[in-house]
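Asker: Turn this into a structure:
(chains A and B)
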Protein chains: 2
Amino acid sequence: MRTTGFLFAISFFVLIFLTACEQGENQMNSSQTETSQQEFAIALHGGAGAISRDTDPEIRDAYLASLSEALEIGTRILDEGGDALDAVEQVIRFLEDDPLFNAGRGAVMTNSETFELDASIMDGRDLNAGAVAGVRTVRNPISLARIVMEDSPHVMFAGPGAESFAEQVGVELVDQDWFFTERRFEQLQRALERDEVMLDNSQLEQKEDIDERKMGTVGVAALDRNGNLAAGTSTGGMTNKRYGRVGDAPIIGAGTYADNNTCAVSATGHGEKFIRNSVAYQICAIMEYAGTTLNEAANVVIHEKLEPGDGGIIAVSKTGEIAMVFNSPGMFRAAANSDGYREVAIWE
Amino acid sequence: MRTTGFLFAISFFVLIFLTACEQGENQMNSSQTETSQQEFAIALHGGAGAISRDTDPEIRDAYLASLSEALEIGTRILDEGGDALDAVEQVIRFLEDDPLFNAGRGAVMTNSETFELDASIMDGRDLNAGAVAGVRTVRNPISLARIVMEDSPHVMFAGPGAESFAEQVGVELVDQDWFFTERRFEQLQRALERDEVMLDNSQLEQKEDIDERKMGTVGVAALDRNGNLAAGTSTGGMTNKRYGRVGDAPIIGAGTYADNNTCAVSATGHGEKFIRNSVAYQICAIMEYAGTTLNEAANVVIHEKLEPGDGGIIAVSKTGEIAMVFNSPGMFRAAANSDGYREVAIWE
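Answerer: Coordinates of the predicted model:
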């Protein structure tokens, strides 16, 4: 044992020494290829799903224009030294007000022809978070989620209670007509015609139906010049939903997560799968506990833990690394950083 | 470089060889201390908090007797080859019906003198999960959560919608009197007298108040003879809650998580902190991505990520390792495994 112990110790120290030398060389070699620390970075999505490449060019261009404008709003806030939380909230407010997306105005309709909106936001500085589920009259659910986070000791309010909270804190309330779009009404009629039975085991629901019924959730992840991360997500949920169904968007850990030590994530897709896999937090956990990059972590979750067609995520790491990873045919998305990189895209 | 490379390789192989020898010895030495694979295992909790050691011995004994009976129910199911899910559901039904605990009968009261119950359950086989939040007339919310999991394609129903779902699937409904206990009514009166303001930043709420107001959530984690893990949690939430506040109990990833590849966890305590730290899933993630044991993972989360007084968890790993870790003065808990180990405890 003594001899083995001695040999062991010698080899160990030689190895440590040589490893140190090697690392010094590697660091010098790899500094050009690795993403350098960004002053700020932002990524956003407007939903993932089976977006056809044959989409009417006018509609396609409308989405691209809206995503570009959203990106511009967020980039300007961050470039001017604004807070990641403000960038997240302001960009999501813009997307909520845009009828193209399934959040706020333009949200999908429930089985009873109403709108039930969900949103959540998280501050990477202290893991503070706020979420609302099933609100019906709040113009910008993301702002209500932020008030839950900042002005209450709680994280989540749901249903009529969340509505009372909204009335009490004085956010802008609108009637249901504000959210109404002809397109979502027609989607609901088609869903009702198919007489979709909810008490099945999900096999009855075709993938394409789910895609059409759930696409358009919006979300943002941002890193600001102070090194703070934030993320937020907002959605109308799925067409024809019943029973106060809550998806992943308002669930901290599933649809939204932000931690200054790792990354900020917003997810979009088949919400139930994202809840069952704690998708947003799992990406942060892989970075923290397996020591991977953001893109490695996101790829594990989206391509190994989830199934093709489930959806995707956008995320920003503490170094400003951007990930926009999806396993569906497309994801409305955009990203920018302080190096001048800009991207607005729908398909791969 | 060539010489360094050669020395490096030699040292590396010598080290690998010696490490292998060492490990062989260690394994032989440690096989007696490490937990061996269990045929089945179960752990349960009835809430964590500032439980005084001066508690009236009669009350203390009542809790110990109830925890023992709950443990016996679960152990019998598992010993006879039953499903982990059945053990979780049946034990929680027993605890929900017992007025001692803050779940089902004996739940705490909301600000408007009603009861709003939350529960969730998860199947480690396929990560399927079900949750309900804010139900008012369901005698056993855990069974409704299981029906959401098994008979709907969704994970979570909240508020009046969850109530409609309950009526439709035909679970046992009761009126609010069923849940009423004098003790919880008095707790609410004290909370109302303190005129607790909710729109503060939680500093106004004293730790002791939170403990008294939130203690008693129940939860179970189990491993069955087929190697399947399951977990579930049920609660009345916190005394004097408003605005449809949702805590961690119905949030998959926060209060409940189960994955056959790692572990099954149920949490109890300061719900908002458990949501913000994705506590239940984080423990599984540490096992998966950092390769730790269940107890190592649970200790990281409860003692390093959370703060003293926040609460605790009970958990069972895929090998039947049991963890019951808390950072509050006490946690009502019990555990058993196929080796004949039995434990029922309140304090450390």
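Asker: Enumerate every residue touching the residue of the stretch 51-200 of chain A found nearest chain B.
Answerer: The shortest separation between the stretch 51-200 of chain A and chain B is 2.4 Å, found at residue A:161 (distances taken as Cβ to the nearest Cβ). For glycine as for every other residue, the C-beta is placed from the backbone atoms N, C-alpha and C. Counting by Cβ atoms under 8 Å, 6 or more residues apart in numbering or on different chains, residue A:161 touches B:134, B:159, B:242, B:243, B:244, B:245.
Asker: Mind checking what helix or strand follows the host helix or strand of it in sequence?
Answerer: Secondary structure here is read from DSSP states H and E; on that basis residue A:161 sits in helix A:159-169. Heading C-terminal from helix A:159-169, the first helix or strand you meet, by DSSP H and E, is helix A:182-193.
Asker: can you tell if that following helix touches chain B?
Answerer: No - Helix A:182-193 lies apart from chain B when judged by Cβ under 8 Å from any Cβ of the partner chain; the minimum separation is 13.7 Å.
Asker: List of residues touching stretch A:57-66?
Answerer: Among residues not part of stretch A:57-66, those counted as contacts by Cβ under 8 Å, 6+ apart are A:46, A:95, A:98, A:100, A:101, A:332, A:344, A:346.
Asker: at 10 Å what do you get?
Answerer: By Cβ atoms under 10 Å, 6 or more residues apart in numbering or on different chains, the surrounding residues in contact with stretch A:57-66 are A:46-47, A:51-56, A:94-95, A:98-101, A:216, A:332, A:334, A:344-347.
Asker: Could you list which of those belong to strands?
Answerer: A:46, A:47, A:332, A:334, A:344, A:345, A:346, A:347 (DSSP state E).
Asker: So which of the residues you listed is the closest to residue A:194?
Answerer: Among these, residue A:47 lies closest to residue A:194 (Cβ to Cβ), at 21.0 Å.
Asker: In contact with the nearest residue to that closest one once chain neighbours are set aside, which residues?
Answerer: Once its chain neighbours are removed from consideration, residue A:47 has its nearest residue in residue A:216; the separation is 3.9 Å (Cβ to Cβ, 6 or more residues apart in numbering or on different chains). Taking Cβ under 10 Å, 6+ apart as the contact definition, residue A:216 lies against A:45-49, A:63, A:95, A:100-103, A:106-108, A:184, A:235-236, A:268, A:332.
Asker: Can I get stretch A:132-140 as PDB, trimmed to CA atoms?
Answerer: Output in PDB follows, covering the C-alpha atoms of stretch A:132-140 (Å, rounded to 0.1, in the frame of the first residue of the first chain):
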ATOM      1  CA  VAL A 132     -50.500  35.100 -13.000                       C
ATOM      2  CA  ALA A 133     -52.700  32.400 -14.500                       C
ATOM      3  CA  GLY A 134     -56.200  32.700 -16.000                       C
ATOM      4  CA  VAL A 135     -56.600  36.500 -16.000                       C
ATOM      5  CA  ARG A 136     -59.400  37.800 -18.300                       C
ATOM      6  CA  THR A 137     -59.300  41.500 -18.300                       C
ATOM      7  CA  VAL A 138     -55.700  42.500 -17.900                       C
ATOM      8  CA  ARG A 139     -54.300  44.100 -21.000                       C
ATOM      9  CA  ASN A 140     -50.700  43.200 -20.300                       C
END
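Asker: How about it and chain B, touching?
Answerer: Yes - figure legend: stretch A:132-140 in contact with chain B (Cβ under 10 Å from any Cβ of the partner chain); contacting residues A:132, A:133, A:134, A:135.
Asker: show me what contacts the third one?
Answerer: Residue A:134 makes contact with A:110, A:114-118, A:141, A:157-163, A:237, A:241, A:244-246, A:250, B:133-134, B:157-161, B:244, according to Cβ under 10 Å, 6+ apart.
Asker: Can I get the buried part of those residues as one PyMOL selection?
Answerer: Entered in PyMOL, the line below selects the buried ones among these, by 16 or more other Cβ atoms under 10 Å in any protein chain shown:
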select buried, (chain A and resi 110+115+116+117+118+141+157+158+159+160+161+162+163+237+241+244+245+246+250) or (chain B and resi 133+134+157+158+159+160+161+244)
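Asker: quick one: terminal-to-terminal distance for stretch A:148-168?
Answerer: Distance across stretch A:148-168, first residue to last, is 12 Å (Cα to Cα, to the nearest Å).
Asker: oh, I was asking about stretch A:303-318
Answerer: 23 Å.
Asker: List the buried residues in that stretch.
Answerer: Buried positions in stretch A:303-318, judged by neighbour count with 16+ other Cβ under 10 Å: A:305, A:306, A:309, A:310, A:311, A:312, A:313, A:314, A:315, A:316, A:317, A:318.
Asker: What distance do you get for the fourth one to residue B:131?
Answerer: The one in question is residue A:310. When Cβ to Cβ, to the nearest Å is the yardstick, residue A:310 and residue B:131 sit 19 Å from each other.
Asker: Next: the fifth one.
Answerer: Summarising the geometry, the distance separating residue A:311 from residue B:131, computed by Cβ to Cβ, is 20 Å.
Asker: The spatially closest residue to residue A:85 that is not a sequence neighbour: neighbour count?
Answerer: Nearest-residue entry for residue A:85: residue A:230, 4.4 Å, with adjacent residues in sequence omitted and distances by Cβ to Cβ, 6+ apart. Other residues near residue A:230 number 27, with proximity taken as other Cβ atoms under 10 Å in any protein chain shown.
Asker: go on, residue A:56?
Answerer: For residue A:56, the number of neighbouring residues by other Cβ under 10 Å comes to 9.
Asker: Contacts only, for it.
Answerer: If a contact means Cβ under 10 Å, 6+ apart, then residue A:56 has residue A:62 as its contacts.
Asker: what pairs with the spatially most central residue of chain A across the strands?
Answerer: Using Cα atoms, centre = their mean, the residue of chain A that lies closest to the mean C-alpha position is residue A:266, 1.4 Å off. Assessed by DSSP bridges, residue A:266 has beta-bridge partners residue A:256, residue A:314.
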